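> Sharing a sequence plus its predicted fold:
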Amino acid sequence: MTIRTRFAPSPTGYMHIGNLRTALYEYLIAKSEPDGKFLLRIEDTDQKRYVEGATEIIYSTLKRVGMNWDEGPDIGGNYGPYVQSERKPLYAEYAHKLVELGGAHYCFCAKQEADEEKDEEQNMKFEDPCKRLSLDEAKKRVAAGEPYVIRQTINKKGKSKYHDEVYGDIEIDYDELDEGVLLKSDGFPTYNFANVVDDHLMAITHVVRGNEYISSTPKYNLIYEAFGWTPPHYVHVPPVMKDAQHKLSKRNGDASFQDLVAKGYLPEAIINYIALLGWNPGTEEEIFSLEELKQKFSIERLNRSPAIFDIVKLTWMNGQYIRKLDAESFFACAEPYIRQVVSRNDVNIKMLAHVLQPRIETFGDIPTQIDFIEQIGEYSNDLYINKKMKTDVAVSRQSLEYALNRLETIAAWDNETLFAELKALAEEKGLKNGQIMYPVRIALSGKETTPGGATELAVILGKNETLSRLKAALQKLA
RNA sequence: GGUCCCAUCGUCUAAAGGUUAGGACACCACCCUUUCACGGUGGUAAUAUGGGUUCGAAUCCCGUUGGGAUCACCA
């Protein structure tokens, strides 16, 4: 039997990290097998929560990280349609059938408010009076046009039992299960029902979802049982947390996939990082491409405890990915960020990108690192005093003069030449390298720390700008 | 509250009865070095707790504590 998994988000907004990780695991489980199929199904049965454009975000996110689906709303497949609102008649049909099979009943009760108030003290279970109605009588009322819902009927006693691929054997008393609504009065199914019907009809073999469904899974099994269907393998996964107490959630303003991308994180790094939040390969490697994850992933190595999302480690990992980029790719990614603060075109931005690559962990780090390029800011002459470099104001003034004279004579404006020349200059004058390099770097940047050294900055700024900044510095020191 | 689930460095995790409890991030130190980074080397740091079982427990069992989930015409 070939594996078929599904990612079934509801289009309620942005793609958050926990969701994306679930999709990843679903994708990897399917793709760990050559013929495995990963499908996309949109669960839009709650019209109140529908958000315009949310589906597009789902598509673009999945595409961006390379998790291509084999069947889905946009590309079709043999088990469509893949949008639940388009399957509406199907659910009603199956719901009525389930009533006939004794797995559900018509219910005419007024909507139960989601208030906390009810039965808090007595903790009594809701006992549906409509359950006692005879089927004939109920059908008459339905035929008469009375509003109704179809509610699950649970008469079993004792303990329900099922196996979860991650949590092992789960036992829950049937008395704990409540008879939830399966088909709403608007004719739409609830998740509890649509989910079962669709997973069966779409021949899903592995259901992967958050562990908050662990305790309601027996209810779904009852439905499978009533229809005579075989339940899928269950893979419940622990949540991704913001801290020890709270799940990561868009509501709290926690970073979504697109937020991270906007901040300059690479999709590959995000995927790599979240794969490791609840799973490990059993080796000490931790940098994996999606392709490698497909090879190494196994359900057995999934964790049972929640994992806290650590942006610091993701940031480190993103730095690893940035460093591995070839020069052209890095430049393509970095350029927009460089252009946020550098508009002049006499700046060698290729060289700028070159010095930036080992120095940033996210592309968002770029603007603050290069704020002196466009225009040098105000700075104090105290910057020229550096004990380790053995420079002070007097030494610096002298060195800058030497450097200016030497640089004016140089035509080949590349780092190797410039570095060799200034190094030779230091030797000639009986100075340490740093006594030349340090003041030059300060004169060019006005900053204590810069991406790149003196000669690299000179290359980035170009000969004209370099000479003019040196002259300005000399004047400032006079 | 009932029920279910979870518990190893601050964080992500390894160790499926016998390890000096390993790795990674972060942090600290040193090395490299035209500053800062990158890179390299080393260091600090954990089995929540009490009982069992066993020659031997992070690992198995029970209790405690702590945390989470769930009890909607949301998914």
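That came through fine.

> burial measure for A:Leu20, as a count.
Applying other Cβ atoms under 10 Å, we find 25 residues neighbouring A:Leu20. For glycine as for every other residue, the C-beta is placed from the backbone atoms N, C-alpha and C.

> Surely it is in a helix?
Yes - counting by DSSP: H, G, I helix; E, B strand; the rest coil, one finds A:Leu20 located in a helix.

> Please tell me how far it sits from RNA strand B.
From A:Leu20 over to RNA strand B the distance is 14 Å, taken as Cβ to the nearest atom of the strand, to the nearest Å.

> can you check A:Trp69 too?
The span separating A:Trp69 from RNA strand B equals 17 Å under the rule Cβ to the nearest atom of the strand.

> mind checking how far that residue is from A:Ile75?
For A:Trp69, the distance to A:Ile75 equals 7 Å [Cβ to Cβ, to the nearest Å].

> neighbour-wise, which of the two wins?
The residue with the greater number of neighbours, taking A:Trp69 and A:Ile75 and applying other Cβ under 10 Å, is A:Trp69; the counts read 24 against 13.

> didn't that one look like it was pressed against A:Phe38?
Yes - taking contact to mean Cβ atoms under 8 Å, the distance of 5.4 Å between A:Trp69 and A:Phe38 places them in contact.

> Between these two, which contacts overlap?
Taking Cβ atoms under 8 Å, 6 or more residues apart in numbering as the contact definition, A:Trp69 and A:Phe38 share the neighbouring residues A:Phe7.

> can you count the residues close to A:Thr230?
Burial of A:Thr230 is recorded as 9 neighbouring residues (other Cβ under 10 Å).

> quick one: secondary structure of it?
The three-state label given to A:Thr230 by three-state DSSP is coil.

> what sits against it?
By Cβ under 8 Å, 6+ apart, the residues touching A:Thr230 are A:Tyr224.

> Please put the alpha-carbon coordinates of the helix or strand of chain A with the lowest mean pLDDT into PDB.
In chain A, no helix or strand scores lower on mean pLDDT, DSSP states H and E than helix A:135-143, which sits at a mean of 87. Once non-C-alpha atoms are left out, helix A:135-143 reads as follows in PDB (Å, rounded to 0.1, in the frame of the first residue of the first chain):
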ATOM      1  CA  LEU A 135     -35.800   7.700  13.900                       C
ATOM      2  CA  ASP A 136     -39.200   8.000  12.300                       C
ATOM      3  CA  GLU A 137     -40.300  10.800  14.400                       C
ATOM      4  CA  ALA A 138     -37.000  12.600  13.900                       C
ATOM      5  CA  LYS A 139     -37.300  12.200  10.100                       C
ATOM      6  CA  LYS A 140     -40.800  13.600  10.200                       C
ATOM      7  CA  ARG A 141     -39.500  16.800  12.000                       C
ATOM      8  CA  VAL A 142     -36.700  17.000   9.500                       C
ATOM      9  CA  ALA A 143     -39.200  16.700   6.600                       C
END
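
> ok, and what's touching that helix?
Residues outside helix A:135-143 that contact it (Cβ under 8 Å, 6+ apart) are A:99, A:105-106, A:108, A:130, A:133, A:148.

> change it to 6 Å
When contacts are taken as Cβ atoms under 6 Å, 6 or more residues apart in numbering, the neighbours of helix A:135-143 outside the stretch itself are A:106, A:148.

> residue ranges for the strands of the stretch 201-350 of chain A, please.
Taking DSSP state E, counting those that start in this stretch to define them, one finds strands in the stretch 201-350 of chain A at A:206-210, A:233-237, A:240-241, A:307-308.

> So which of those is nearest RNA strand B?
strand A:307-308 (3.4 Å; Cβ to the nearest atom of the strand).

> Okay, now the sheet partners of the closest one, with direction.
Using DSSP bridges, strand A:307-308 pairs in its sheet with strand A:240-241 (parallel).
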